[in-house]
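[1] prediction below, plus the sequence it came from.
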Amino acid sequence: MTEFLTAWWLAAAVVGLVLGSFYNVCIHRYITGQSIVFPASHCPHCLKKLKAWELVPVLSWLMLRGRCSGCKKPISPRYPIVELISGLWALLLAIKFGFTAPWLVFMVFGGMFIVASAIDFELFILPDIITLPGTVLALVASIFILGLPWKAALIGAAAGAGALWLLMVLYKRLRGVEGMGLGDVKLIALIGGLLGWQALPLVILLAAGSALVGSIAFLALRPGSREGEEGGVGRIAVPFGPFLSFGAMVFILYGHEIWHWYLKMVL
């Protein structure tokens with residue numbers, strides 16, 4: 001049994017790494033407006049077609065020292081980061097759920113979260129092509145595969161979207177600027193439909209906390225993200241979608257344990 005689990009965990013991690021490579025294709029080609037099918041994988045700078053050994057997740061980037069073998073221009077570190085996140089996600093899900101249907105379901109939605117988050121970091125856009133079909137798919141998967149009561153799933157989608165939409169409108173009226181976009185509203189509808197309304201408080205709390213920490217790093221890494229001055233204090237433009245995705249992924253892995261820990265602390 002132990003050998004089977006070890007083999008399964010290793011296989012899951014490899015699958016995650018390979019999928020991470022595919023996610024990178026989706027991310028890059030959405031950003032550049034290219035088809036994800038054609039042309040074949042190539043350097044975005046010199047258009048050199050990549051060889052098989054240059055497509056190995058993480059290892060290829062390390063062997064190439066982060067540069068194209070043809071033109072020697074830098075390859076974004078986003079590529080190994082996405083692959084590592086995808087591999088780790090697959091491994092942690094395998095440890096949590098084993099070789100089960102929930103593993104497959106959460107692998108699919110984890111991929112959506114990873115791709116959408118990377119695009120949001122680059123463009124400050126959460127693609128409708130992910131969030132809208134994803135919400136419908138989330139409702140179907142949560143009810144018919146994960147066994148979530150249909151009322152909890154529907155209320156989760158509606159309450160999540162409604163709460164963030166109301167917050168978005170109030171913030172704009174009070175501050176006169178956009179605090180978040182409709183993409184975030186659509187993403188939380190997907191998350192609520194997948195995990196149910198009971199998950200929303202912790203997901204949003206995790207998202208807000210990580211966004212607070214992340215905004216500091218985001219400003220340090222991307223100083224151009226500061227938008228103007230208001231009363232002598234600069235505003236930082238930080239995409240919220242990646243942090244909502246992070247909150248959902250943490251809840252999927254450890255949500256119940258976090259709630260139990262919290263209840264022990266307060267009771």
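    Structure received.
[2] ok, Ile95 - how many residues close by?
    14 (other CB atoms under 10 Å). Heads up, the C-betas are built off the backbone N, CA and C, glycines and all.
[3] my guess is it meets Leu10, correct?
    No. Counting by CB atoms under 8 Å, no contact exists between Ile95 and Leu10, whose distance comes to 11.4 Å.
[4] who are the packing partners of the helix or strand containing Pro80?
    If you go by DSSP states H and E, Pro80 is part of helix 78-97. Here helix 78-97 touches helix 2-32, helix 59-63, helix 101-123, helix 241-266, going by 3 or more CB pairs under 8 Å, 6 or more residues apart in numbering; DSSP states H and E.
[5] try 6 Å this time
    Applying 3 or more CB pairs under 6 Å, 6 or more residues apart in numbering; DSSP states H and E, we find helix 78-97 packed against helix 2-32, helix 101-123.
[6] how about Ile188: what's its closest non-neighbour residue?
    The spatial neighbour of Ile188 that comes closest, neighbours along the chain excluded (CB to CB, 6 or more residues apart in numbering), is Gly160 at 3.9 Å.
[7] please enumerate the strands of the stretch 151-267 of the chain.
    According to DSSP state E, counting those that start in this stretch, the stretch 151-267 of the chain carries its strands in the segments 226-230, 233-236.
[8] least reliable of those going by mean pLDDT?
    The weakest mean pLDDT among the strands of the stretch 151-267 of the chain belongs to strand 226-230, with a mean of 44.
[9] where does the chain dip in pLDDT?
    By pLDDT under 70, the weakly predicted segments of the chain are 1, 179, 218, 221-236, 267.
[10] related to what we said a few turns ago, turn the helices and strands packed on helix 78-97 into CSV, columns for mean neighbour count and distance to Leu244.
    Listed next are the helices and strands packed on helix 78-97 as CSV, based on neighbours: other CB atoms under 10 Å; distance: least, CB to CB, whole Å:
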stretch, mean neighbour count, distance to Leu244
helix 2-32, 17, 17
helix 101-123, 20, 8
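[11] rebuild the ones you listed as CSV, extending it with distance to Ile130.
    CSV is the format used below for these (distance: least, CB to CB, whole Å):
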stretch, distance to Ile130
helix 2-32, 9
helix 101-123, 5
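[12] touching, Ser41 and Ala52? I think so.
    No. Counting by CB atoms under 6 Å, Ser41 stays clear of Ala52, with 9.9 Å between them.
[13] quick one, which of those two is more surrounded?
    The residue with more neighbours, out of Ser41 and Ala52, is Ser41; 14 against 8, by other CB under 10 Å.
[14] find the nearest non-adjacent residue to the more buried one, please.
    Excluding the flanking residues, the one nearest Ser41 by CB to CB, 6+ apart is Leu50, at 4.6 Å.
[15] now stretch 205-217: buried residues?
    Within stretch 205-217, the residues that count as buried by 16 or more other CB atoms under 10 Å are 206-207, 210-211, 214-215.
[16] restricted to helices, list the residues you listed.
    Of the buried residues of stretch 205-217, the ones assigned to helices by DSSP state H are 206-207, 210-211, 214-215.
[17] Three-state assignment for Cys71, please.
    Secondary structure, DSSP: H, G, I helix; E, B strand; the rest coil: Cys71 is coil.
[18] you'd agree it is up against Pro44?
    No. In this structure Cys71 lies outside contact range of Pro44 using CB under 6 Å: 10.0 Å.
[19] these two: which is more packed in?
    Legend: neighbour count by other CB under 10 Å for Cys71 and Pro44, higher for Pro44 (15 against 12).
[20] could you measure from the more buried one over to Val58?
    Distance, Pro44 to Val58, using CB to CB, to the nearest Å: 19 Å.
[21] before we move on, what about Gly193?
    33 Å.
[22] who's more crowded, these two?
    Between Gly193 and Val58, counted using other CB under 10 Å, the more crowded position is Gly193 (29 against 17).
[23] I figured the more buried one hits Thr135, correct?
    Yes. Using CB under 6 Å, Gly193 is in contact with Thr135, at 5.4 Å.
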